[in-house]
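In: Sequence first, then the predicted structure:
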Amino acid sequence: MIDYQNIIQIVQKIFALLGTIIYLIFAIVMVKQVSTMSQNVYDKFNFILKIFSYLHLLLSIALVLLALFVL
Amino acid sequence: MNRSLDLDTIAPDDPVTTSTSPQKKTIKKTSPPPVKESQAPKPSKSTASKDSEFRQKVYQLLKDKTKHPLSSMLARPKVFRFDSQDADEEILLVLRRHWFTNLSWVIIFIFMLLAPLFLGSIPFLDLLSTSLRSIIVLFWYLVSFAFAFEKFLSWYFNVFILTEERVVDIDFDNLLYKNISEAQISMIQDITVSQGGVSQTLFNYGSVYIQTASEVPQIEVLKVPNPNLVLKVLQQMRSEGEVESLEGRIK
């Protein structure tokens, strides 16, 4: 007998993983872009923006790990 | 009759009479002694231009303007730099879009933050497991943060810079495309200020269009605060450039 509940859970996990990995790529691009922008235009506040971009990247990694291990 | 010896006034068939007692003219060379190139008085561009009347007027116009890094209009910032800036090039003005233009995305961001509170009203979400729902909520907050952050970056890094030599417009269309256009102040041909609508009149912001004779035909400085002040500063800098080019001081 086919365990539909199990299949749904696997599909959910695959979609969650795919979504979070794509988002992680976006977060990496964002870090890179903030760094490039900061090279073009420099001001005191750039440092805080870099911290925010790295924080965003860390949260994105945490989300991938959550999708991988919790689901 | 003595005729002039001046060649201009002698006809080809005129009889030429030479004076028997020619007056000796001693021509004294009055030209100054050759000066070594290193000793020649070279007009220092920075000092000459900074002390000019036009520059003083520009400084006067920008006197009360802020230097805060998050301001829409930074006047003569101390820390601010840009990539292609020369070592001794002074930045006079840095412009970003007026803060009022950020209001729309700030409101959207607030609604995005509040949205998970109404998650219970979406029927099919009850079918999902608790862990998946919490991941979706976390993901939503991250997307909301990324949305606001991207909008802020777009506002913060899209700048128009006026230096003592040129105007530079740095545009990051989104996270992946950037467009940098610049023109020498001497290349500026025409400046147009456009201001209209309720919000622009109320908060005194508008757009400045700079027509140039350089490769970039027009530089658009959109929705910046106090466009009339920008126009005045640009006019002063143009006048200074014209005077400098007449005096031969320009590069």
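Out: Received the coordinates, thanks.
In: can you count the residues close to B:Arg55?
Out: By the criterion of other CB atoms under 10 Å in any protein chain shown, B:Arg55 has 18 neighbours. Using the backbone N, CA and C atoms, a C-beta is placed for each residue, glycine as well.
In: buried set for the helix or strand harbouring it?
Out: For B:Arg55, the element it lies in under DSSP states H and E is helix B:53-61. In terms of neighbour count (16 or more other CB atoms under 10 Å in any protein chain shown), helix B:53-61 has its buried residues at B:54-55, B:57-58, B:61.
In: Could you export those as TSV, including pLDDT and distance to B:Tyr205?
Out: Formatted as TSV, the buried residues of helix B:53-61 follow (pLDDT from 0 to 100; distance: CB to CB, whole Å):
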residue	pLDDT	distance to B:Tyr205
B:Phe54	75	25
B:Arg55	77	26
B:Lys57	79	23
B:Val58	79	20
B:Leu61	76	17
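In: Just the closest of these to B:Pro77, please.
Out: Distance to B:Pro77 across the buried residues of helix B:53-61 (CB to CB) is lowest for B:Val58, with 14.5 Å.
In: got a list of what that closest one touches?
Out: By CB atoms under 8 Å, 6 or more residues apart in numbering or on different chains, the residues touching B:Val58 are B:92, B:233, B:236-237, B:240.
In: low-scoring pLDDT stretches of the chain, where are they?
Out: Let's take chain A. Within chain A, the ranges that satisfy pLDDT under 70 run A:1.
In: um, chain B though
Out: Those would be B:1-51, B:175, B:249-251, if you go by pLDDT under 70 across chain B.
In: residues from chain A in reach of chain B?
Out: Applying CB under 8 Å from any CB of the partner chain, we find that chain A lies next to chain B at A:9, A:12, A:16, A:19-20, A:23, A:26-27, A:29-30, A:33-34, A:36-37, A:39-45, A:49, A:52-53, A:56, A:59-60, A:63, A:66-67, A:70-71.
In: Would you map the strands across the stretch 151-251 of chain B?
Out: B:159-163, B:166-172, B:178-184, B:188-194, B:205-212, B:218-225 (DSSP state E, counting those that start in this stretch).
In: now the ones you listed in TSV, with mean neighbour count?
Out: Putting the strands of the stretch 151-251 of chain B into TSV (neighbours: other CB atoms under 10 Å in any protein chain shown) gives the following:
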stretch	mean neighbour count
strand B:159-163	23
strand B:166-172	21
strand B:178-184	17
strand B:188-194	15
strand B:205-212	21
strand B:218-225	19
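In: Can I get these in TSV including distance to B:Ser121?
Out: Output for these, formatted as TSV (distance: least, CB to CB, whole Å):
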stretch	distance to B:Ser121
strand B:159-163	43
strand B:166-172	38
strand B:178-184	42
strand B:188-194	45
strand B:205-212	39
strand B:218-225	37
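In: same for the longest helix along chain A, what does it pack against?
Out: Scanning chain A for the helix with the most residues, using DSSP state H, yields helix A:4-40. Applying 3 or more CB pairs under 8 Å, 6 or more residues apart in numbering or on different chains; DSSP states H and E, one finds that helix A:4-40 makes contact with helix A:46-69, helix B:130-157, strand B:166-172, strand B:178-184.
In: that older thread, dump the buried residues of helix B:53-61 to CSV, plus distance to A:Gln5.
Out: Converted to CSV, the buried residues of helix B:53-61 look like this (distance: CB to CB, whole Å):
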residue, distance to A:Gln5
B:Phe54, 78
B:Arg55, 77
B:Lys57, 77
B:Val58, 73
B:Leu61, 72
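In: circling back: what's the first helix or strand after the helix holding B:Arg55?
Out: Sequence-wise, the next helix or strand downstream of helix B:53-61 (DSSP H and E) is strand B:73-75.
In: Any chance you could list what contacts that following strand?
Out: Residues outside strand B:73-75 that contact it (CB under 8 Å, 6+ apart) are B:62-63, B:65-68, B:80, B:92-96, B:224-226.
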